[in-house]
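S.K.: got a structure for you, letters missing:
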């Protein structure tokens, strides 16, 4: 079967009434791929960036820019696991269009509100493109590896030793809510790409920074002795002035995969202990009856649009961890298979507001029951796709390195051209008069509750 025919077959089969829901034979690789294709079709139908006059890489309101980065990371992995090239063109177009003038995933139309974690989610997707040998951009465009290196270099330039002895702030700009907050997801993005760059390139500088970020998280108590990953800390007069102890699934996932990359690279007991500790916390905190869920908000239907995407990213990083830290495979795949079966079982929504995929295949959010909960959108659809497609991981090729077939071209000096980071002080974007005016407007909207969401849980 040609790659492009996979999506066509799955969609036309559903349209013909061969399965109003997403029916899967879990011992049949072809059936899993067809199910993933149907769910992917429903996900991409939310995307408008490939429409005439729209901006490639952007999801429509009310979805934030970082979620689009998460979506294209999902579609890169969809291609890697299924071989279906249907969405490669729009994925490559988006990943290139959003790089910005400095080729660092800080496009002009996002920098007013972009945080370190927002930038990181696009870099994480680009790293997956390099690791899975996703088709390269044209030669006159920045390459996947170089894009990740650009973000890494800018993270280094923002490492803030003046407050709390290190760490990235949540926000890049002084005017954004959360500038005085250092959160685990921003630092997790830094840790994750540093560890993966170290594994991919063999360059010890990346490994040193991965260890530095991780050790800082441990020192500040954001990674506890039981390997719980807490959300973040505020610093006002002292550090910390307060801590947000909420736990979110994507925080555990991003540190799990980073630690796995470091263990794969070094073989050190420190990293195996971290992998095993974080995985154990996932089992305790983020599974119920063996199925993944967002423990803080899911059961009471309180998860916002951002939070509805979190457990999908967790499945991604668990899946890749199982490949590069194989001792985790049995535990991880048991959870992923159980979650995938529950996810597919609730892809039965029809009609569903805003859903333009195949009727009867809109995916609900919670996987804790066999009933569609009526919560639909990019988050539930993307999370279900990830859960389903990652059951294919045991037969997939592991993420490559430069020694095992990686070909993406890098640029170790990308991103922070002209910045002097020798004094170890953070560098921030230049603020213009126009920026300040727009910031006042944005801040006013946020205060009114028009923009934003739950404080310090929304990227």
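M.R.: Received the coordinates, thanks. All of these numbers come straight from a predicted model, not from anything done at the bench.
S.K.: ranges for the helices of the stretch 51-200 of the chain?
M.R.: Secondary structure of the stretch 51-200 of the chain by DSSP state H, counting those that start in this stretch: the helices cover 65-82, 88-97, 116-131, 144-158, 184-201.
S.K.: For those helices, give me JSON lines that also has mean pLDDT, mean neighbour count and distance to residue 31.
M.R.: (Glycine included, C-beta is placed from N, CA and C.) Shown next, in JSON lines, are the helices of the stretch 51-200 of the chain (pLDDT from 0 to 100; neighbours: other C-beta atoms under 10 Å; distance: least, C-beta to C-beta, whole Å):
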{"stretch": "helix 65-82", "mean pLDDT": "99", "mean neighbour count": "25", "distance to residue 31": "12"}
{"stretch": "helix 88-97", "mean pLDDT": "98", "mean neighbour count": "19", "distance to residue 31": "23"}
{"stretch": "helix 116-131", "mean pLDDT": "99", "mean neighbour count": "27", "distance to residue 31": "25"}
{"stretch": "helix 144-158", "mean pLDDT": "98", "mean neighbour count": "26", "distance to residue 31": "31"}
{"stretch": "helix 184-201", "mean pLDDT": "99", "mean neighbour count": "28", "distance to residue 31": "32"}
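S.K.: out of those, nearest to residue 239?
M.R.: helix 184-201 (14.2 Å; C-beta to C-beta).
S.K.: would you list the helices of the stretch 51-200 of the chain in CSV and tack on distance to residue 391?
M.R.: Output for those, formatted as CSV (distance: least, C-beta to C-beta, whole Å):
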stretch, distance to residue 391
helix 65-82, 9
helix 88-97, 21
helix 116-131, 18
helix 144-158, 26
helix 184-201, 23
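S.K.: Which among the ones you listed is found nearest to residue 309?
M.R.: Closest among the helices of the stretch 51-200 of the chain, using C-beta to C-beta: helix 65-82, at 5.8 Å.
S.K.: From the contact counts, what lies against that closest one?
M.R.: helix 29-44, helix 88-97, helix 116-131, helix 310-324, helix 378-389 (3 or more C-beta pairs under 8 Å, 6 or more residues apart in numbering; DSSP states H and E).
S.K.: got JSON lines for those, with distance to residue 79 too?
M.R.: As requested, these are arranged in JSON lines below (distance: least, C-beta to C-beta, whole Å):
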{"stretch": "helix 29-44", "distance to residue 79": "10"}
{"stretch": "helix 88-97", "distance to residue 79": "6"}
{"stretch": "helix 116-131", "distance to residue 79": "10"}
{"stretch": "helix 310-324", "distance to residue 79": "14"}
{"stretch": "helix 378-389", "distance to residue 79": "10"}
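S.K.: Tell me which of those helices lies nearest to residue 258.
M.R.: Among the helices and strands packed on helix 65-82, helix 310-324 sits nearest to residue 258 (C-beta to C-beta), with 8.5 Å.
S.K.: what's the following helix or strand after the closest one?
M.R.: Following helix 310-324 in sequence order, the next helix or strand is helix 329-345 (DSSP states H and E).
S.K.: That next one: how far from the chain's middle?
M.R.: Once both centres are worked out by C-alpha atoms, centre = their mean, to the nearest Å, helix 329-345 turns out to sit 19 Å from its chain's centre.
S.K.: Output the contacting helices and strands for it.
M.R.: Short answer (3+ C-beta pairs under 8 Å, 6+ apart): helix 329-345 packs on helix 269-285, strand 291-292, helix 310-324, helix 378-389.
S.K.: now the very next helix or strand once past the longest one: mean pLDDT?
M.R.: Yep, that's helix 269-285 we're talking about. Per DSSP H and E, the first helix or strand lying C-terminal to helix 269-285 is strand 287-288. Averaging pLDDT along strand 287-288 yields 98.
S.K.: Direction included, what does strand 287-288 pair up with?
M.R.: Note on strand 287-288: by DSSP bridges, its sheet partners are strand 291-292 (antiparallel).
S.K.: how distant is the strand it pairs with from the center of its chain?
M.R.: The answer for strand 291-292 is 18 Å, by C-alpha atoms, centre = their mean.
S.K.: Before I go, just wanted to say thanks for your time.
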